[in-house]
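I need the structure of the sequence given here:
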Amino acid sequence: MNFILNVVASIIAAFLISLIGFVIKLNIDGISPLSFFRTLRRITVSKIKYFYNDRKYLVKYLGTTGEFLSLAERSVMYIGFWMSSSIDNSDFLKILKAKTSKSVEFSACFPDPDSPLMNYYSAFFEKPKEELIMKINSNINSIKQVKEELPPNKKNNIRMFIHEYPITASAFIIDKGDKKCKVLIDHKLPNSERFFSYGFEIYGYKNKFCENIINSYKEILDGAKEI
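Numbers count the residues shown, from 1 in each chain. Next comes the predicted model:
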């Protein structure tokens, strides 16, 4: 019994020493421990599964966009920019075809390449407007090609839209309304390359915060033009 008590006491002591060291480190970094733990609680309550401050960590820990797409069982909605970082990954179109060949419905919503909005995106990303228009049209055609390769009774599983909203973040919404619903938000930085971004993955089931995010992006999709 004494041996067990000694082991438990050692574990508790090690935990307390680590906690004290962690709190000291927060203070050294200029972070209030109280603010840190309050923030941690809000993250937990908001059901944020993962936060990344660099896109390379998104791929490292959550996988490619294709791997994220493979988690879908019923539906996928993408509302955002031109999905170049997704389509440039060799697995995305392959997984898109495999999922939509079965029962998964995929909707993608891009900026309207003919809209004056492209001037905004050109300034935001510091890229020539013509280059962005080319990216959008190229990626729309890539997805259309996947759609053409689907069986006739599955072609409607892929739908594409164009919007005219000046957004700064894209959203992948997986299995909206389902217990396994999850959302990936990728926020772009102005005057930076598209892969310099930060964001988070969040669980959507019984989550008011996530519901607000989904509803906001769904409103963009609902007001978009199908192509």
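
can you give me phi and psi for residue 199?
Backbone torsions of residue 199, given as degrees, to the nearest 10, read phi 180, psi -160.

Now do the SS call for the residue lying closest to it once chain neighbours are set aside.
Excluding the flanking residues, the one nearest residue 199 by Cβ to Cβ, 6 or more residues apart in numbering is residue 186, at 4.2 Å. Backbone N, C-alpha and C define where each C-beta goes, glycine included. Classification of residue 186 by DSSP: H, G, I helix; E, B strand; the rest coil places it in strand.

Now for residue 186, how many residues are close by?
Using other Cβ atoms under 10 Å, residue 186 has 23 other residues around it.

can you list the domains in the chain?
Per automatic domain parsing, the structural domains of the chain span 1-45, 49-226.

Buried residues, the helix or strand residue 183 falls within. List them.
Here residue 183 sits within strand 182-188, counting by DSSP states H and E. Residues of strand 182-188 classed as buried by neighbour count (16 or more other Cβ atoms under 10 Å): 182-186, 188.

and which of those is nearest to residue 78?
The closest of the buried residues of strand 182-188 to residue 78 turns out to be residue 184 (Cβ to Cβ; 9.5 Å).

who does the closest one bridge with?
Listed beta-bridge partners, residue 184: residue 172, residue 201 (assigned using DSSP bridges).
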